[in-house]
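**Q** Here you go, sequence then predicted model.
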Amino acid sequence: MAETTVLSERQLVVFELAGEQYGVDIATVREIIQMQEITRLPGAEYFIEGLINLRGVVIPVVDLRKRFNLDVVAYNRDTRIIVIDCEGQDIGIIVDSVEEVLRIFSDAIVPPSGIVTSAGSDYLSGIARLSDRLVILLDIGRLLGYVSY
């Protein structure tokens with residue numbers, strides 16, 4: 001009798017940052033909003049853009065370009081804030097654009113190579129191999145777990 005393998009499926013929110021595509025587990029995403037006025041925080045980490053008031057809830061906002069040491073560009077009409085549940089705290093991440101919600105099977109995900117990872121990049125949870133592209137998968141808890149205001 002032939003053995004069957006049951007593959008699990010994951011849903012990802014895919015976004016673009018500096019021409020690359022990244023994905024986060026949809027279960028961590030609370031909502032996706034357009035850019036809005038951000039209140040600056042003096043003395044905060046360089047990548048913390050500030051705070052927003054989202055329907056009465058104050059949320060810290062991280063600029064992922066700054067967090068990844070990428071060139072900072074002006075926000076435009078495609079720029080979005082993805083509100084993420086990060087270990088029980090809502091945190092906004094600024095991205096260039098949100099591309100899609102993607103369903104992939106677990107066999108399409110490979111662990112990141114030891115060559116490209118280091119102690120400072122333990123937030124990479126894998127690489128999704130699609131027919132026409134690669135999507136870098138982020139562990140938001142590891143990437144933003146220590147952010148507080």
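**A** Received it, and whenever you're ready, just let me know what you need. Residues are numbered from 1 along each chain as shown.

**Q** Which element, helix or strand, includes Glu45?
**A** Assigned by DSSP states H and E, Glu45 belongs to no helix or strand.

**Q** Could you list the buried residues of the stretch of helix or strand Asp85 belongs to?
**A** Using DSSP H and E, Asp85 falls within strand 80-86. The neighbour-count check on strand 80-86 (16 or more other C-beta atoms under 10 Å) flags 80-84, 86 as buried. (Each C-beta comes from the backbone N, C-alpha and C, glycine too.)

**Q** tell me, what residue is most central in this structure?
**A** The residue lying closest to the centre of the chain (C-alpha atoms, centre = their mean) is Val24, at 5.1 Å.

**Q** quick one: that residue and Leu17 touch, right?
**A** No: contact criterion C-beta atoms under 8 Å: Val24 and Leu17 do not qualify, at 11.5 Å.

**Q** So what sits opposite Leu54 in the bridge?
**A** Val57 (DSSP bridges).

**Q** re the thing from before, who does the strand holding Asp85 pair up with?
**A** strand 29-34 (antiparallel), strand 89-95 (antiparallel).

**Q** As CSV, could you dump the C-alpha coordinates of it?
**A** Provided in CSV are the C-alpha atoms of strand 80-86 (Å, rounded to 0.1, in the frame of the first residue of the first chain):
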residue,chain,number,x,y,z
ARG,A,80,1.3,50.6,4.5
ILE,A,81,1.5,49.9,8.2
ILE,A,82,0.9,46.2,9.0
VAL,A,83,-0.3,45.9,12.6
ILE,A,84,1.1,42.7,14.1
ASP,A,85,0.4,40.9,17.3
CYS,A,86,3.9,40.4,18.6
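
**Q** Show residues contacting that strand.
**A** 13, 15, 24, 28-36, 52, 54, 59, 61, 90-95, 97-98, 140-141, 144-145, 147 (C-beta atoms under 8 Å, 6 or more residues apart in numbering).

**Q** Thank you, goodbye.
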